[in-house]
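[1] give the three-dimensional model of this entry:
(chains A and B)
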2 protein chains.
Amino acid sequence: MENFTFYSPTFFVFGKESENQTGEYVKKFGGSKVLIHFGGSSAKKSGLLDRVEASLKKEGISFVELGGVKPNPRSGLVYEGIELCKKEKVDFILAVGGGSTIDSAKAIAAGVLYDGDFWDFYSGKPIEKALPIGTVLTIAAAGSEGSPDSVITKEEGMFKRGASGNAIRPKFSILNPALTQTLPPHQTAAGITDIMAHLYERYLTNTKEVEVTDRLIEALLLTMKHEGPRVIADPNNYEARANIMWAGMMAHNNSCGVGRSQDWNSHNIEHELSALYDCAHGAGLAVTMPAVFKYVMNHNVMRFAQVATRVWGCQMDFEHPEVTALEGINALQSFLVSLGMPKNFSELGAKEEDIPKLVEVLCRGDGRPGSITGFVTLNEDDCTKIYKMMV
Amino acid sequence: MENFTFYSPTFFVFGKESENQTGEYVKKFGGSKVLIHFGGSSAKKSGLLDRVEASLKKEGISFVELGGVKPNPRSGLVYEGIELCKKEKVDFILAVGGGSTIDSAKAIAAGVLYDGDFWDFYSGKPIEKALPIGTVLTIAAAGSEGSPDSVITKEEGMFKRGASGNAIRPKFSILNPALTQTLPPHQTAAGITDIMAHLYERYLTNTKEVEVTDRLIEALLLTMKHEGPRVIADPNNYEARANIMWAGMMAHNNSCGVGRSQDWNSHNIEHELSALYDCAHGAGLAVTMPAVFKYVMNHNVMRFAQVATRVWGCQMDFEHPEVTALEGINALQSFLVSLGMPKNFSELGAKEEDIPKLVEVLCRGDGRPGSITGFVTLNEDDCTKIYKMMV
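    So this is what the prediction gives:
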């Protein structure tokens, strides 16, 4: 195991009607003037925003609103949020929504206390300070409610890039599984896929003998395998929603990824798809993961055979481990398709003729050296072949 | 799943030579005058205390020492520590040792800022403030390095009782698996048993459909099953030590126990044994758990059959689930015995004739109502029968 530090200080408030405690937690963590950041109209229509605002008012906390966050959140709204916070002297950012809203809120929180362009943080500058952030989560997917990470798309060039820092970890996150019951099935399935991708990206390691984190990742994958079909069959199944929601946080606060190298090539390869076609990130991952895994499988066939047997219930072929490894990758893809996820470019809305452009941005964009690295280093030729496998 | 809050803000520093960073972290969390609290002479002889003190000096932090913590830590040394801290104007408590040392440090930290008798906290008063605490862990067992809990034995009456509160959560914990390589095999095995008990106490729940936490607990049990024999066979196996050490923290910071009722009857029943006979808590648990589990098995036989199949690899007997359930309990006991743990009263040094006294203190001591409660409520008759099963 490699040396590591682990720090996950977010205060989680989990359960039914927990959004009514929002004001209490904003106060506990020092907020007095709040920016409420959210996405489309559903937060308003569902009454969620009203409940959150009522709980703020109850604590005497004032607020301004900024809606309009889109999936694959854009830099434009971040600049707007930063200006608004400065003008209104906001001291706390409250994200009400999913990963896109939380990531946008994190970018605003860091940008308000920075004199330069916030995009510097998404080009590699460490985030050292930010306004405190709280979240009210409405979809189990990105894990941003318990992570130090944020992903934003820069409209100029359509670069989708990440930033990270303990300063943008939420002070508190409110997780009410019931809020996810009204999600369309496609979004629920895309969220499940994203959670599973966060687990696979950690599973694909070059560090030896990390049994404890292997087992924790498998535990969360087994949970998704069990609860995914239950929640697609019955969107109102609170218990299934609750299991998925806690698994989604645990999958990405890194408690099951410490002390080991990680992959993240599937995420990188997918980011270009959702940036160009504006598809759901999870849907893109459903198409990307099987292709990437088949391409890199022989780098460590036993790793893929292990997840195939322990998670997907495949019988180990001890004479031909590669058969078991491939069976596990196919089982993952069949599972995601059974939830309603796409399996190829055309179902995703992607186009074969765009592959050179995707590869160019992926491997060369924003200063990259002609390759991406992780479990295996992939150059432009490798990435071209992987995108072609998805067609 | 039941509503819950989860908060685990400890900063973990994990890996080889990490104790040399102690001074840096004491400074980061505001310490300028430290009480170094430790157990026997091994911390001095091994050079660990020298390394820790050198790292404090490097940061210009002054300190006083208080050694002498014994397993099953006593109230007497806590009172002494509180007086010493007040006299020396200590502002930070550093525990260098295992769970006993950390628990004693937590009691001192809470007692220094309290005008009354610190034992009030161990009789049910909530801990609201405490001096900041850091730990340098030397045995994987109690999980106190990442928990809000402390267990102390009151010498007057030999009551062993627990206290809890976020104020006594360590600000940082330094975990160097190499420090555990010199432990005697019996202590290593007792630590593994304690970790497994923390997992079983959470597994035995009356809450339905808590898949995610079931799976996480099973993951950590599987890790102990795999790594336990490896570390007994080769005490210098760093990777096995590392896996056990992270599993020990995760087993008790409650990330895998949220949203569900828990048991803790095995711990309560064992506490009387280690209080009376001063045996290792883990050794006591190795004798206690199989008896308790057999006694309560029929309360939910499927729960025991589940852990038997998922962790112990038993084939499910679908016509007679109780056969599988019992097979799993026996597999747990055989496993603990294979690590060198005792299996009955005589191996533990306990005496059958003491059972009435044990039951009296367990069920009536310190204001208890004649029973203990958890997965199942156990009255004096139940507890008598359970202790007799251990003979």
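
[2] ok, longest helix in chain A?
    Determined from DSSP state H, the single longest helix within chain A is helix A:211-233.

[3] what residue of chain A is the furthest out?
    Largest separation from the mean C-alpha position in chain A: A:Glu319, at 37.4 Å (Cα atoms, centre = their mean).

[4] next, the angle from the longest helix of chain A to helix B:211-233.
    If you take axes from the mean of the first three to the mean of the last three Cα atoms, to 10 degrees, helix A:211-233 sits at 160 degrees to helix B:211-233.

[5] give the other helices and strands that helix A:211-233 contacts.
    Using 3 or more Cβ pairs under 8 Å, 6 or more residues apart in numbering or on different chains; DSSP states H and E, the elements in contact with helix A:211-233 are helix A:185-203, helix A:238-250, helix A:301-310, helix A:321-338, helix B:211-233, helix B:238-250. C-betas here are computed from N, CA, C, even on glycine.

[6] could I get these as a markdown table with distance to B:Leu276, mean pLDDT and mean neighbour count?
    Output for the helices and strands packed on helix A:211-233, formatted as a markdown table (distance: least, Cβ to Cβ, whole Å; pLDDT from 0 to 100; neighbours: other Cβ atoms under 10 Å in any protein chain shown):
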| stretch | distance to B:Leu276 | mean pLDDT | mean neighbour count |
| --- | --- | --- | --- |
| helix A:185-203 | 45 | 98 | 25 |
| helix A:238-250 | 39 | 98 | 26 |
| helix A:301-310 | 43 | 98 | 20 |
| helix A:321-338 | 52 | 98 | 19 |
| helix B:211-233 | 27 | 98 | 23 |
| helix B:238-250 | 26 | 98 | 26 |
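
[7] A:Met389 is nearest to which of those?
    A:Met389 lies closest, by Cβ to Cβ, to one member of the helices and strands packed on helix A:211-233: helix A:321-338, at 11.5 Å.

[8] where does the one residue sitting closest to the centre of chain A land in three-state SS?
    Centroid-nearest residue in chain A: A:Ala142, 2.5 Å away (criterion: Cα atoms, centre = their mean). Under DSSP: H, G, I helix; E, B strand; the rest coil, A:Ala142 falls in the coil class.

[9] tell me the contacts of it?
    A:98-100, A:102-103, A:191, A:194, A:248, A:252, A:281 (Cβ atoms under 8 Å, 6 or more residues apart in numbering or on different chains).

[10] out of those residues, which is nearest to B:Val210?
    Distances from B:Val210 to those, taken by Cβ to Cβ, are shortest for A:Gly248, at 15.4 Å.

[11] for the closest one, give me its contacts.
    So A:Gly248 contacts A:140-143, A:191, A:195 (Cβ under 8 Å, 6+ apart).

[12] include distance to B:Val112 when you put those into TSV, please.
    Below are the contacts of A:Gly248 laid out as TSV (distance: Cβ to Cβ, whole Å):
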residue	distance to B:Val112
A:Ala140	42
A:Ala141	45
A:Ala142	42
A:Gly143	39
A:Gly191	47
A:Ile195	44
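
[13] the residues you listed: which two are farthest apart?
    Longest distance between any two of the contacts of A:Gly248 is 10.0 Å, between A:Gly143 and A:Gly191; criterion Cβ to Cβ.

[14] got phi/psi on A:Leu35?
    A:Leu35 adopts backbone torsions of phi -90, psi 120, taken as degrees, to the nearest 10.

[15] how close does the closest residue to it other than its chain neighbours get to A:Ile36?
    The spatial neighbour of A:Leu35 that comes closest, neighbours along the chain excluded (Cβ to Cβ, 6 or more residues apart in numbering or on different chains), is A:Val90 at 4.6 Å. Per Cβ to Cβ, to the nearest Å, A:Val90 is found 10 Å from A:Ile36.

[16] and for the two, which residues touch both?
    Listed as contacting both A:Val90 and A:Ile36 by Cβ under 8 Å, 6+ apart are A:Val64.

[17] A:Phe15 and B:Met1 touch, don't they?
    Let me fix one detail, which is that residue A:15 is Gly and not Phe. Yes - between A:Gly15 and B:Met1 there is a contact under Cβ atoms under 8 Å: 7.4 Å.

[18] anything in contact with each of these two?
    Contacts common to A:Gly15 and B:Met1, judged by Cβ under 8 Å, 6+ apart, are A:177, A:242, B:259.

[19] in JSON lines: those, plus distance to B:Glu227.
    Listed next are these as JSON lines, based on distance: Cβ to Cβ, whole Å:
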{"residue": "A:Pro177", "distance to B:Glu227": "34"}
{"residue": "A:Ala242", "distance to B:Glu227": "31"}
{"residue": "B:Gly259", "distance to B:Glu227": "27"}
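
[20] how many neighbours does the one residue in the stretch 51-200 of chain A that gets nearest to chain B have?
    Across the stretch 51-200 of chain A, no residue is closer to chain B than A:Pro177, which sits at 7.7 Å (Cβ to the nearest Cβ). Neighbours of A:Pro177 under the rule other Cβ atoms under 10 Å in any protein chain shown: 24.

[21] list the contacts of it.
    Applying Cβ under 8 Å, 6+ apart to A:Pro177 gives the contacts A:15-16, A:140, A:238, A:241-242, A:244-245, B:1.

[22] next: A:Phe345.
    A:287, A:351-352, A:390-391.

[23] who wins for neighbours among these?
    Within those, A:Val287 tops the neighbour count with 29 neighbours, counted by other Cβ under 10 Å.

[24] so that one touches A:Met390, yeah?
    Yes - A:Val287 is within contact range of A:Met390, at 5.1 Å (criterion: Cβ under 8 Å).

[25] quick one: secondary structure of A:Ser173?
    Going by three-state DSSP: A:Ser173 is strand.

[26] one step back: now the residue of the stretch 51-200 of chain A closest to chain B: how far from A:Phe118?
    32 Å.

[27] with that, I have no additional questions.
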